[in-house]
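Visitor: build the 3D model from these lines:
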Amino acid sequence: MRRLWAISDLHVGFAQNRRALESLADYGQDWLIVAGDVAEALPLVTATLAFLASRFERVIWVPGNHELWTPDGATGVEGLRGEARYHELVRRCRELGVLTPEDDWVRWPEDLSLVIAPCFVGYDYSFAPDGYTPEQAVAWAAEDGIRARDEDFLHFAPYPSRAAWCAARAALTEDRLAALPPGTRAVVIHHWPLRRDLIRLFRIPRYAPWCGTRRTEDWSARFPIAVIVSGHLHLRATDWRDGTRYEEVSLGYPAHWRFERGIAAYLRPIFPAPPDPDAPAAGPVWHR
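Guide: Sure thing, here's the model as predicted:
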């Protein structure tokens, strides 16, 4: 039986993360979700996804903020910004046979009622306090000494703002979810969390504006969704909302995981489901 695994925030720009990934075994017919933040440099993203495609029958990728960064002074393909950079990433994935948010959603072979739905919506600063504009949200975070590097490196051309790009992507994704065939349920994959009540930033709570959009908070109630897979927070956990399982599957920076355990220990099983899928815990189940 095939298994569906998930991981995010591999951050293979760090040598320790990269070395650990290189020791990953061949998983045969299993599939792997990669929920964003593979690396910043396009060649490193490409090489990592190519390696994973050699270890799994199918790889499904969505972008994180780090893949979308454009370094200052970058030229050529590496200097692409905003939507153009995203489409270059999609092009590279397609050459590797890696599924992206721009491709047709596919059925999970072991349960044809499940549709694998990679999504890219992004964020719009609305996880800030009620009524804040994006500019006010950034200023509010700055009061605590917080400024996301996205402000300098994640560009949004040709849209007028990151919030406008998010709105366009959200509308597109909602249309696709609304069109799911009767009797199907989606495995939604998105780098950023889909709900504010899952944002647990114990040391840097004012980083929340860069963590998602309120527009996605009711998706598990509005659409037939079985599981939502995300990353970004580097705080691995399983939660339940509206009868839907939420999986945060980050690896993270070297300080966020134990090298001696190896990458395989951090692959989260999505299907078959973990034990007791019909008995959700009252609070988060943390994964160390």
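
Visitor: okay, now the residue lying closest to Phe271 once chain neighbours are set aside: neighbour count?
Guide: Using CB to CB, 6 or more residues apart in numbering and skipping residues adjacent in sequence, the residue nearest Phe271 is Leu4, 4.3 Å away. Where C-beta positions appear, they are placed from N, C-alpha and C, glycine not excepted. Counted with other CB atoms under 10 Å, residues neighbouring Leu4 total 26.

Visitor: what bridges to Leu4?
Guide: Applying DSSP bridges to Leu4 gives these bridge partners: Trp31, Phe271.

Visitor: and the lengthiest strand in the chain, how far out from the chain middle?
Guide: Looking across the chain with DSSP state E, the single longest strand is strand 111-118. From the chain centre to the centre of strand 111-118 is a distance of 17 Å (CA atoms, centre = their mean, to the nearest Å).

Visitor: next, the buried residues of that strand.
Guide: Leu114, Val115, Ile116, Ala117, Pro118 (16 or more other CB atoms under 10 Å).

Visitor: that older thread, so the residue nearest to Phe271 touches Trp31, yeah?
Guide: Yes: using CB atoms under 8 Å, Leu4 is in contact with Trp31, at 5.0 Å.

Visitor: what touches both of the two?
Guide: Trp108, Ile116 (CB atoms under 8 Å, 6 or more residues apart in numbering).

Visitor: count the neighbours of Arg258 for me.
Guide: That count, for Arg258 with other CB under 10 Å as the rule, works out to 11.

Visitor: actually, Thr46.
Guide: 19.

Visitor: contacts only, for the closest residue to Trp286 other than its chain neighbours.
Guide: Spatial nearest neighbour of Trp286, excluding adjacent residues (CB to CB, 6+ apart): Ala237 at 5.2 Å. By CB under 8 Å, 6+ apart, the contact set of Ala237 is Leu198, Arg200, Glu247, Glu248, Pro284, Val285, Trp286, His287.

Visitor: which one of those residues has the most neighbours?
Guide: Result: Glu248 is most packed of the contacts of Ala237 (other CB under 10 Å), 27 neighbours.

Visitor: quick check: the residue nearest to it when sequence neighbours are not counted vs Asp37, distance?
Guide: Nearest residue to Glu248, sequence neighbours excluded (CB to CB, 6+ apart): Ala237, at 5.0 Å. Here the criterion is CB to CB, to the nearest Å. By it, Ala237 lies 17 Å from Asp37.

Visitor: then Ile225?
Guide: For Ile225, the distance to Asp37 - CB to CB - is 22 Å.

Visitor: which of those two has more neighbours?
Guide: Taking neighbours as other CB under 10 Å, Ile225 and Asp37 compare with Asp37 leading, 27 against 23.

Visitor: in three-state terms, how would that one be classified?
Guide: Using DSSP: H, G, I helix; E, B strand; the rest coil, the structure places Asp37 in coil.

Visitor: cool, and Leu52?
Guide: helix.

Visitor: hmm, it is touching Trp31, no?
Guide: No: checked against CB under 8 Å, the pair Leu52 and Trp31 is beyond contact range at 10.6 Å.

Visitor: what sits in contact with each of these two?
Guide: With CB under 8 Å, 6+ apart as the test, Leu52 and Trp31 both reach Val59.

Visitor: could you report the neighbour count for the nearest residue to Pro158 once chain neighbours are set aside?
Guide: Take Pro158 and drop its neighbours on the chain: the residue closest to it by CB to CB, 6+ apart is Glu83, 6.3 Å away. Look at Glu83: counted by other CB under 10 Å, it has 17 neighbours.

Visitor: Ala53 too?
Guide: 17.

Visitor: pretty sure it sits against Val98.
Guide: Yes: between Ala53 and Val98 there is a contact at 6.0 Å, judged by CB under 8 Å.
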